[in-house]
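>>> next input, structure requested:
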Amino acid sequence: MTLEETVLPVARMLFEGEGNTLSQGHLVTVEAPMGALVISFMKERGRIRANASLRSDLGDSHHWRNLKEYAPWGEQPALRRTFAPDRFASQPEQVLKEINRHITEPAFPLAFKALAAIADHHDKKRKVAEAVKRVAPAEAHVNILGRYSLRNAIQSFDCGARGAFEIRPDSAYCDLEIQHLSLEKMEQLIAFLNTF
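Below is the predicted model:
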């Protein structure tokens, strides 16, 4: 019997029968109707493990998140259970009850917290991209570390200098590094910074 055939009696009842079930052979997932919480089933040492995670599509990003990190410190629920495979056919209501009590119910509020965090992260990335394009439209590209690295402004300020403005795509701050700045340009820069 395949994993899908084994877990289907319970998977069909999850989320009051309104979940979207998807089988990939080694993994069966049931996605909540609102598309955030996912209960997944996998074989593990002769048993079947059920656990919760978050799946969300935001813009062009696809997120799979462990929900335990969104629980208050010291109160992380397990969000997983293991079952004997024969229980899915012989006691589907009992298995469903255990999944709801130990996985689904504690996972729902964590899924909403995770979605809020993802939306905040996406908003920060958008604001950083807009700011970089405003001040340096020709340089608005991301380096290998996933950060904006603006170098031309430093070299136009002092052609002998090296360095960069390093801006993380999800931060409200940037790091500035300048090397080999001439003493004259250093005085100008310090005078400028002291005017604020």
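
>>> list the contacts of F83.
F83 makes contact with R47, I48, A50, V95, E98, according to CB atoms under 8 Å, 6 or more residues apart in numbering. Every residue, glycine included, has its C-beta placed from N, CA and C.

>>> out of the residues you listed, which are buried?
Among the contacts of F83, those buried by neighbour count (16 or more other CB atoms under 10 Å) are I48, A50, V95, E98.

>>> in strands, which of the contacts of F83 fall?
Counting by DSSP state E, those place R47, I48, A50 in strands.

>>> which of those sits closest to E18?
Ranked by distance to E18 (CB to CB), those are led by A50 at 17.9 Å.

>>> please look at that closest one and S40 and confirm they touch.
Yes: at 7.2 Å, A50 and S40 qualify as touching, with contact defined as CB atoms under 8 Å.

>>> run through the bridge partners of the closest residue in space to N143 that isn't next to it in sequence.
Nearest non-adjacent residue to N143, counting by CB to CB, 6 or more residues apart in numbering: S149, 4.3 Å away. Per DSSP bridges, the residues bridged to S149 are E166.

>>> repeat that for V142.
Beta-bridge partners, per DSSP bridges, of V142: Y148.

>>> of the contacts of F83, closest to A84?
The shortest approach to A84 among the contacts of F83 belongs to R47, at 6.1 Å (CB to CB).

>>> mind checking how far the residue nearest to that closest one when sequence neighbours are not counted is from R168?
Counting by CB to CB, 6+ apart, R47 lies nearest to T82, which is 4.4 Å off, once chain neighbours are set aside. Noted for T82: a distance of 39 Å to R168, by CB to CB, to the nearest Å.

>>> now the strands for the chain?
Under DSSP E, the chain gives strands at 20-23, 27-31, 37-44, 47-58, 61-65, 80-83, 148-150, 162-167, 174-179.

>>> need these in TSV (columns: distance to I103).
Formatted as TSV, the strands of the chain follow (distance: least, CB to CB, whole Å):
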stretch	distance to I103
strand 20-23	16
strand 27-31	11
strand 37-44	6
strand 47-58	5
strand 61-65	15
strand 80-83	6
strand 148-150	40
strand 162-167	39
strand 174-179	41
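
>>> quick one: closest of these to T2.
Closest among the strands of the chain, using CB to CB: strand 20-23, at 8.0 Å.

>>> and the closest one, what does it pack onto?
Using 3 or more CB pairs under 8 Å, 6 or more residues apart in numbering; DSSP states H and E as the contact definition, the elements that strand 20-23 packs against are helix 3-11, strand 27-31.

>>> now do the first one: which elements does it pack against?
Contact analysis of helix 3-11 by 3+ CB pairs under 8 Å, 6+ apart lists strand 20-23, strand 27-31, strand 37-44, strand 47-58, helix 87-90, helix 92-99 as its packing neighbours.

>>> thanks a lot, see you next time.
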